[in-house]
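Undergrad: Can you look at this prediction? I've put the sequence above it.
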Amino acid sequence: MSAGRPLKDDRLDAVAGHHNVAQFVSFGPGADPRVRHRRLRGDPPDPAPGADAAAAVTALLARAPGGANVRTFRPDHRRATRSTTA
C-alpha cells in the first residue's frame, strides 16, 4: 500500500479473489524486486509472496505459451505505461 491507499496490484489481487482476471505476477520496486502478488492458473493465490522475480516470471510464462503483456505502474499515476509483449 502507498500512503494508506492500496496500489493497483493490491486492487487487482482483491478483485481476483471474487472474479475472473488474467493471470498475473506483480513485483515491488528496486534492483532486487520481490513478488508482491501472484495469481497463476493451477496455483493457490499468492503461494510465494516475497519470492524471487525470475522464478515467478518463469512460472507465468510456462502457463502463457503465447507470451505475456508487461506493464509498469507508479503509485503517483493512475494508469499503466504502454505494455510490451514478452
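TA: Yep, it's here.

Undergrad: how about the residue lying closest to A51 once chain neighbours are set aside, secondary structure?
TA: Closest residue to A51 in three dimensions, ignoring its sequence neighbours and counting by C-beta to C-beta, 6 or more residues apart in numbering: V35, at 4.5 Å. C-beta coordinates here come from the backbone N, C-alpha and C atoms, glycine included. Using DSSP: H, G, I helix; E, B strand; the rest coil as the criterion, the local structure at V35 reads strand.

Undergrad: wait, V35 sits on A54?
TA: No - the pair formed by V35 and A54 falls short of the contact definition of C-beta atoms under 8 Å, at 10.3 Å.

Undergrad: Among those two, which residue is more densely surrounded?
TA: Under the neighbour definition other C-beta atoms under 10 Å, V35 and A54 were set side by side, and V35 has more, 21 against 9.

Undergrad: beta partners of that one?
TA: V35 has the following beta-bridge partners by DSSP bridges: F27.

Undergrad: who's in contact with it?
TA: Each residue near V35 by C-beta atoms under 8 Å, 6 or more residues apart in numbering is listed here: V25, S26, F27, A48, P49, G50, A51, D52, A53, A56.

Undergrad: do the same with Q23
TA: Neighbour list for Q23: R39, L40, R41, L60, R63, A64 [criterion: C-beta under 8 Å, 6+ apart].

Undergrad: quick one: the strands in this structure?
TA: Counting by DSSP state E, the chain has these strands, from start to end: 24-27, 35-39, 69-70, 84-85.

Undergrad: Now mean pLDDT and distance to G4 too, for those strands, in a markdown table please.
TA: Conversion of the strands of the chain to a markdown table gives the following (pLDDT from 0 to 100; distance: least, C-beta to C-beta, whole Å):
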| stretch | mean pLDDT | distance to G4 |
| --- | --- | --- |
| strand 24-27 | 90 | 19 |
| strand 35-39 | 90 | 17 |
| strand 69-70 | 84 | 28 |
| strand 84-85 | 58 | 31 |
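
Undergrad: Looking at these, which is nearest to D13?
TA: The minimum distance between D13 and the strands of the chain falls on strand 35-39, with 4.3 Å, by C-beta to C-beta.

Undergrad: CA atoms only: put stretch 46-54 into CSV for me.
TA: Output of stretch 46-54 as CSV, limited to C-alpha atoms (Å, rounded to 0.1, in the frame of the first residue of the first chain):
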residue,chain,number,x,y,z
ASP,A,46,-0.1,-15.8,-3.6
PRO,A,47,1.7,-19.1,-2.9
ALA,A,48,5.1,-17.3,-2.6
PRO,A,49,4.9,-13.6,-1.6
GLY,A,50,8.4,-12.2,-1.4
ALA,A,51,9.8,-14.8,-3.8
ASP,A,52,12.4,-14.2,-6.4
ALA,A,53,11.1,-12.4,-9.5
ALA,A,54,12.8,-14.7,-12.0
